[in-house]
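Asker: Please find the sequence and the predicted model below.
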Amino acid sequence: MDQFSRMNRILITGGSGLLGINFALKCRDKYEIILALNERQISISKVLATNIALGSVIELKKSIEQYKPDIIIHTAGLTSVEQCEQYPNLAERVNVDLAENVAIAAKECKIKMVHISTDHLYSDGKFLYTEEDDKNPINVYGKTKSIAEQRVLSVSEDNLVIRTNFYGWGPSYRKSFSDAIIESLSKNKKIVLFDDVHYTPILVDSLINCVLDLCNLNQKGIFNVVTSSSISKYDFGLMIASKFKFDESLILKGSLKNNPQLVKRPLNMSLSNKKLELTLGRSLNTVNEDIDQLYEQYLNGLNNEINSI
């Protein structure tokens, strides 16, 4: 029997975030899910949501020993590029120190850790970045996430680091990029999207499937978990509008280069998923296929369920 099929209980930090909530809803019928909360309190049927302190390794170990998870998925972090730039010490504490605390506690409790990282790790010199490419983050957010990766893997080489950029249905207090587009277009409001920023976005449901598959194979190290096609933020918005039958003329073409007031961001965050596809033995969805699935979730009411949390 493989490692993951023996697993019954998953602890997810950042439990009130978009990824944590989607993970819980998707997996609650197959696994016992424990959502580790901080300040925001939420309640999900058939899911244990509880406050767990990540700031102390000692306290964290006590919680791990109490709940006895078989794996820890660390999604907690400060993801706002603006906030990270404005409060670099806070960004370092949340993105680096807490990740290292979880890694240490997990190792001492002999539990595997999955660390959710980012695609904001490079400058603009290459089209599709592989896991082996040298990192060159250009803002505080990227720098703290880069350091966190190093700390997590230095604590244990058996840990799994997931580089990704995901979207999907989020709660009212934590909207994703696709949420923002759909909300604006549904109200017939114009929205400006950059056509000079490219990335490889993945639907959160597809991301979760890949994380589970990698755990099932007991993989370790770094994996890019992204869709199979690179796209601009502007074209992504057009694809959303087309699928949801919104007025595409409401999407205005903008340029990051023409917005110097914004915190510096990479123009290209596109990642290669070839290592992942080879490891899993299957092809990942295209952006179109993931957006088709997002629309199916909408028809099935998943957006309303998550928005009510």
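Answerer: Right, received. Where do you want to start? Just so you know, these numbers come straight off a predicted model, no measurement behind them.

Asker: from here on, contacts and neighbour counts on C-alpha atoms
Answerer: Fine.

Asker: So the residue lying farthest from the centre of the chain: helix, strand or coil?
Answerer: Most distant from the centre of the chain: Ser249, at 29.6 Å, with distances by CA atoms, centre = their mean. In three-state terms, and counting by DSSP: H, G, I helix; E, B strand; the rest coil, Ser249 is helix.

Asker: got a pLDDT number for it?
Answerer: Among the per-residue scores, Ser249 shows a pLDDT of 98.

Asker: likewise Val192?
Answerer: At Val192, the predicted lDDT confidence score is 98.

Asker: Could you list the paired strands of the helix or strand encompassing it along with their orientation?
Answerer: Using DSSP states H and E, Val192 sits in strand 191-194. Here strand 191-194 has these sheet partners by DSSP bridges: strand 251-254 (parallel).

Asker: What lies in contact with the strand holding Val192?
Answerer: Taking contacts as CA atoms under 8 Å, 6 or more residues apart in numbering, the residues outside strand 191-194 that touch it are 181, 184-185, 232-234, 237, 250-256.

Asker: List buried members of the residues you listed by neighbour count.
Answerer: With burial judged by 16 or more other CA atoms under 10 Å, the buried subset of the contacts of strand 191-194 is 181, 185, 232-234, 237, 250-251, 254, 256.

Asker: hmm, which two among these are most spread apart?
Answerer: With CA to CA as the measure, no two of the buried ones among the contacts of strand 191-194 lie farther apart than Leu185 and Leu256, at 21.1 Å.

Asker: Pretty sure Lys253 is one of the things Lys190 touches, is it not?
Answerer: No - taking contacts as CA atoms under 8 Å, Lys190 lies outside contact range of Lys253: 10.5 Å.

Asker: so what sits against both of those two?
Answerer: Taking CA under 8 Å, 6+ apart as the contact rule, Lys190 and Lys253 have no neighbour in common.

Asker: Distance to Thr144 for the contacts of strand 191-194 - can I get that in CSV?
Answerer: As requested, the contacts of strand 191-194 are arranged in CSV below (distance: CA to CA, whole Å):
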residue, distance to Thr144
Ile181, 28
Ser184, 31
Leu185, 34
Ser232, 25
Lys233, 24
Tyr234, 27
Gly237, 29
Leu250, 36
Ile251, 32
Leu252, 32
Lys253, 31
Gly254, 28
Ser255, 26
Leu256, 22
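
Asker: shaky segments in this protein?
Answerer: Where the chain drops to pLDDT under 70, the residues are 1-7, 124.

Asker: Kindly recompute the last result at 80.
Answerer: In the predicted model, the chain carries pLDDT under 80 at residues 1-7, 124-125.

Asker: quick one: contacts for the residue most central in space within it?
Answerer: Nearest to the geometric centre of the chain sits Phe166, at 5.2 Å (CA atoms, centre = their mean). Taking CA under 8 Å, 6+ apart as the definition of contact, the neighbours of Phe166 are 201-204, 207, 226.

Asker: Just give the number of residues close to Glu65.
Answerer: Counted with other CA atoms under 10 Å, residues neighbouring Glu65 total 12.

Asker: give me the number of residues near the nearest residue to it once chain neighbours are set aside?
Answerer: Of all residues not flanking Glu65 in the chain, Cys109 sits nearest, at 7.5 Å (CA to CA, 6 or more residues apart in numbering). The local packing count at Cys109 equals 15, with neighbours defined by other CA under 10 Å.

Asker: for Cys109, what are its contacts?
Answerer: Contact analysis of Cys109 by CA under 8 Å, 6+ apart lists 61, 64-65.

Asker: quick one: which of those residues is nearest Phe244?
Answerer: Proximity of the contacts of Cys109 to Phe244, judged by CA to CA, is greatest for Ile64, which lies at 42.6 Å.
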